[in-house]
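[1] Output the structure for:
(chains A, B, C and D)
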Protein chains: 4
Amino acid sequence: MKPKSVTKTRVRYAETDKMGVVYHANYYLYMEIGRTDYLRKRGKKYSDIENMGYYMFVTETNCKHYIPAKFEDELIIETYLEEIKGASFYYHYLIKNIDGDLLAEGFTKHAFTDHDGKPVRMPKDIKELFTKNID
Amino acid sequence: MKPKSVTKTRVRYAETDKMGVVYHANYYLYMEIGRTDYLRKRGKKYSDIENMGYYMFVTETNCKHYIPAKFEDELIIETYLEEIKGASFYYHYLIKNIDGDLLAEGFTKHAFTDHDGKPVRMPKDIKELFTKNID
Amino acid sequence: MKPKSVTKTRVRYAETDKMGVVYHANYYLYMEIGRTDYLRKRGKKYSDIENMGYYMFVTETNCKHYIPAKFEDELIIETYLEEIKGASFYYHYLIKNIDGDLLAEGFTKHAFTDHDGKPVRMPKDIKELFTKNID
Amino acid sequence: MKPKSVTKTRVRYAETDKMGVVYHANYYLYMEIGRTDYLRKRGKKYSDIENMGYYMFVTETNCKHYIPAKFEDELIIETYLEEIKGASFYYHYLIKNIDGDLLAEGFTKHAFTDHDGKPVRMPKDIKELFTKNID
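    Numbers count the residues shown, from 1 in each chain, chains lettered A, B, ... in the order given. This is a model prediction of the structure:
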């Protein structure tokens, strides 16, 4: 079973557009909430890792849209660590409403780098954190 | 040759993040600028098409990041209409700096729908607009 | 004592800018979270009121910045209904960190309107909701 | 006559909200475009000043809304340097449509600081730049 986290958020007015639904690019903000929480739930803040001298550059993102989310909808973000290999890793996300309907899904690929943007191998203790299964 | 448009924009402070570069999801805003301009350059405003009773729902987006854009960088957005088939169509984008370096590329897939979100075949005159080659 | 609500949120990466702190305009998003929650805590969703045929147009906003909020900071948003008079009302907000330090404060003024943007007197039951003191 | 600049921009889809108009907080993005261009038109990039070791922290913002801007509207941003005194300065902005109607107006107050956030007196050459009248 892939390591996973489940996070809730609520759609903000600012995130809607004139179509009356969530603006498509804002689903990437939900994914960001998901992966930040993924780490925090494993005992590490994303900002702590940055303060240790690393960045987690986004190298590719993808999102498929099925059902539009609306203002004040409560969303459930499921974040799965799909792979971690050398300096790169990627997450897969499912974004659902509280009835369990799948609204959107996507992935983000990342390079683990130093603060000059140079890819570096993930330190063992951080890697363990990423791959930890917590139910 | 695929129908195309070229649009310039400049990175806003608001579009940067604490890494000192453009926040990844904001490249989708550049793509939006590109495809809106793509239509406007063919003599039609995106908002006109919406006012005619249509929406152009985003069904999938993708972006690959090569070189990070920075605050006040001038960006060149190349928008290509890749395909149009029934109620769906998609664009491919190249985002470059003024030296011609490729910073990012991506695509957006869309469904042409009525205001209830039901996919509809694109009217002939609008389809002609989309596929028009200009200079 | 003025009717009030207290709401928590956490700073997103997307909300920071190249200065390494929250981009100034994003404090208005925190205020929006505050006033949406203010109503929800009184038993009414903001979206319900919109669905009843009303809008709460923003007519003026103001924010003073004292201490910059940072990525992943937990914020406490205190929302106070300051005044309600005819078709207009306004909120005052205090944005604090979890130590109670005041990071920013501001206000938003609103016009209660129909969906054509025409100011209308607030219905009695909605007005009672706005002015209700809870806990 | 106060030193001034005039800048054009066009409303993005991403800037609208479910009311069908520009989300109120996004007017602060237009002000940012205005004051960045204000400096650039005087021969200095905002980013150059940051690279010299300074920041221009926002200490207060204010915006009054008269007529809502809509998707694809062309906006004219008039930026006026109102005052510059020691380490602080502020801009006043008028945001108009192409017919000259005033949609919104506001101000932003700033502290000129070093990169640790300590207010510093503005160097003479930068101050001259800020106060320069260009036709």
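[2] now for the longest helix along chain A, which elements pack on it?
    Counting residues, the longest helix found in chain A (DSSP state H) is helix A:27-40. Other helices and strands packing on helix A:27-40, by 3 or more C-beta pairs under 8 Å, 6 or more residues apart in numbering or on different chains; DSSP states H and E, are strand A:4-10, helix A:46-51, strand A:54-65, strand A:74-85, strand A:88-97, strand A:102-114. Where you see a C-beta, it was placed from the backbone N, CA and C, and this is true even at glycine.
[3] And for chain A, the residue most distant from the center?
    Farthest-out residue of chain A from its mean C-alpha position, per C-alpha atoms, centre = their mean: residue A:18, at 25.9 Å.
[4] for chain D, what are the nearby residues on chain A?
    Proximity of chain A to chain D (C-beta under 8 Å from any C-beta of the partner chain) is limited to residues A:13-14, A:16-21, A:23, A:25, A:71.
[5] For those, I'd like a selection string for ChimeraX - just the buried members, please.
    The buried residues among the residues of chain A next to chain D can be selected in ChimeraX (16 or more other C-beta atoms under 10 Å in any protein chain shown) with this line:
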select /A:13,14,16,17,18,19,21,23,25,71
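[6] Closest one of the residues of chain A next to chain D to chain B?
    Set against chain B, the nearest of the residues of chain A next to chain D by C-beta to the nearest C-beta is residue A:25 (3.8 Å).
[7] wait, that closest one sits on residue B:29?
    Yes - between residue A:25 and residue B:29 there is a contact under C-beta atoms under 8 Å: 6.4 Å.
[8] Overlap of the contact sets of the two?
    Residues touching both residue A:25 and residue B:29 (C-beta atoms under 8 Å, 6 or more residues apart in numbering or on different chains) are residue D:14.
[9] Run through the residues that contact residue A:6.
    Residue A:6 makes contacts with A:76-79, as judged by C-beta under 8 Å, 6+ apart.
[10] SS state for the residue farthest from the centre of chain A?
    Judged by DSSP: H, G, I helix; E, B strand; the rest coil, the three-state class of residue A:18 is coil.
[11] show me what contacts it?
    Residue A:18 sits next to B:50, D:13, D:16-21, D:71 when contact means C-beta under 8 Å, 6+ apart.
[12] want to throw these into CSV with distance to residue B:90?
    Below are the contacts of residue A:18 laid out as CSV (distance: C-beta to C-beta, whole Å):
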residue, distance to residue B:90
B:50, 19
D:13, 17
D:16, 23
D:17, 26
D:18, 26
D:19, 29
D:20, 26
D:21, 29
D:71, 21
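[13] now, which of those residues sits nearest chain C?
    residue D:19 (6.0 Å).
[14] okay, and for chain A, where does confidence drop off?
    A:135 (pLDDT under 70).
[15] returning to what we had before: tell me the one of the contacts of residue A:18 nearest residue B:37?
    Nearest to residue B:37, judged by C-beta to C-beta, of the contacts of residue A:18 is residue D:13 at 11.8 Å.
[16] need the residues of chain A near chain B, please.
    Residues of chain A lying near chain B by C-beta under 8 Å from any C-beta: A:18-19, A:24-26, A:28-29, A:32, A:50, A:55, A:57-65, A:68, A:108, A:117.
[17] change it to 7 Å
    A:19, A:24-25, A:28-29, A:55, A:58-65 (C-beta under 7 Å from any C-beta of the partner chain).
[18] that older thread, report the separation between the residue nearest to the residue farthest from the centre of chain A when sequence neighbours are not counted and residue A:72.
    Computed as C-beta to C-beta, 6 or more residues apart in numbering or on different chains, the closest residue to residue A:18 that is not its neighbour in sequence is residue D:16, at 4.0 Å. Separation of residue D:16 from residue A:72 (C-beta to C-beta, to the nearest Å): 18 Å.
[19] swap in residue A:113?
    Applying C-beta to C-beta to residue A:113 and residue A:72 gives a distance of 37 Å.
[20] go on, residue A:66?
    Residue A:66 sits 19 Å away from residue A:72, going by C-beta to C-beta.
[21] so what's residue A:103 up against?
    A:66-67, A:69, A:95-97 (C-beta atoms under 7 Å, 6 or more residues apart in numbering or on different chains).
[22] Show me which of the residues you listed is closest to chain D.
    For the contacts of residue A:103, the nearest to chain D is residue A:69 (11.6 Å; C-beta to the nearest C-beta).
[23] Contact partners for the nearest residue to the closest one once chain neighbours are set aside?
    Nearest non-adjacent residue to residue A:69, counting by C-beta to C-beta, 6+ apart: residue A:22, 4.4 Å away. Residue A:22 sits next to A:11, A:15-16, A:68-69 when contact means C-beta under 7 Å, 6+ apart.
[24] Any chance of a markdown table for the residues you listed, columns distance to residue B:128?
    Putting the contacts of residue A:22 into a markdown table (distance: C-beta to C-beta, whole Å) gives the following:
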| residue | distance to residue B:128 |
| --- | --- |
| A:11 | 37 |
| A:15 | 35 |
| A:16 | 32 |
| A:68 | 29 |
| A:69 | 34 |
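[25] Relative to residue D:101, which of those is nearest.
    Closest approach between the contacts of residue A:22 and residue D:101, by C-beta to C-beta: residue A:16, at 25.5 Å.
[26] Just to check, the closest one is in contact with residue A:71?
    Yes - counting by C-beta atoms under 7 Å, residue A:16 sits close enough to residue A:71 to count as a contact (5.2 Å).
[27] ok, residue A:44 touching residue A:129?
    Yes - contact criterion C-beta under 7 Å: residue A:44 and residue A:129 qualify, at 5.3 Å.
[28] from the chain's centre, how far out does the strand or helix carrying residue A:125 sit?
    Assigned by DSSP states H and E, residue A:125 belongs to helix A:124-131. Remark: helix A:124-131 is offset 16 Å from the chain centroid, using C-alpha atoms, centre = their mean, to the nearest Å.
[29] and what of stretch A:36-49?
    A distance of 11 Å separates the centroid of the chain from that of stretch A:36-49, by C-alpha atoms, centre = their mean.
[30] First residue to last residue on that stretch, what's the distance there?
    Terminal residues of stretch A:36-49 are spaced 11 Å apart (C-alpha to C-alpha, to the nearest Å).
[31] from the residues of chain A next to chain B, which is closest to residue D:7?
    Closest approach to residue D:7 among those (C-beta to C-beta): residue A:25, at 24.4 Å.
[32] Does the closest one belong to a helix, a strand or coil?
    Using three-state DSSP, the secondary structure recorded for residue A:25 is helix.
[33] Contacts only, for it.
    Residue A:25 is in contact with B:25, B:28-29, D:14, counting by C-beta under 7 Å, 6+ apart.
[34] repeat that for 10 Å
    Applying C-beta atoms under 10 Å, 6 or more residues apart in numbering or on different chains to residue A:25 gives the contacts A:15, A:17, A:61, A:63, B:24-29, B:31-32, B:58, B:61, B:63, B:108, D:13-14.
[35] How about residue A:92?
    Counting by C-beta under 10 Å, 6+ apart, residue A:92 makes contact with A:2, A:4, A:31, A:62, A:78-83, A:105-108.
[36] Just the buried ones among those residues, please.
    Among the contacts of residue A:92, those buried by neighbour count (16+ other C-beta under 10 Å) are A:4, A:31, A:62, A:78-81, A:105-108.
[37] picking up where we left off before, okay, among the contacts of residue A:22, which ones form the most distant pair?
    A:15 and A:68 (11.5 Å).
[38] and for those two, which residues touch both?
    Taking C-beta under 10 Å, 6+ apart as the contact rule, residue A:15 and residue A:68 both touch A:21-23.
[39] Identify the residue nearest residue A:10 in space, chain neighbours excluded?
    That would be residue A:74: by C-beta to C-beta, 6+ apart, it lies 5.3 Å from residue A:10.
[40] Kindly report the same for residue A:38.
    Leaving aside its chain neighbours, residue A:38 sits nearest to residue A:5 (4.1 Å; criterion: C-beta to C-beta, 6+ apart).
[41] Tell me how far that neighbour lies from residue C:72.
    Distance, residue A:5 to residue C:72, by C-beta to C-beta: 15 Å.
[42] Residue A:111 now?
    Per C-beta to C-beta, residue A:111 is found 21 Å from residue C:72.
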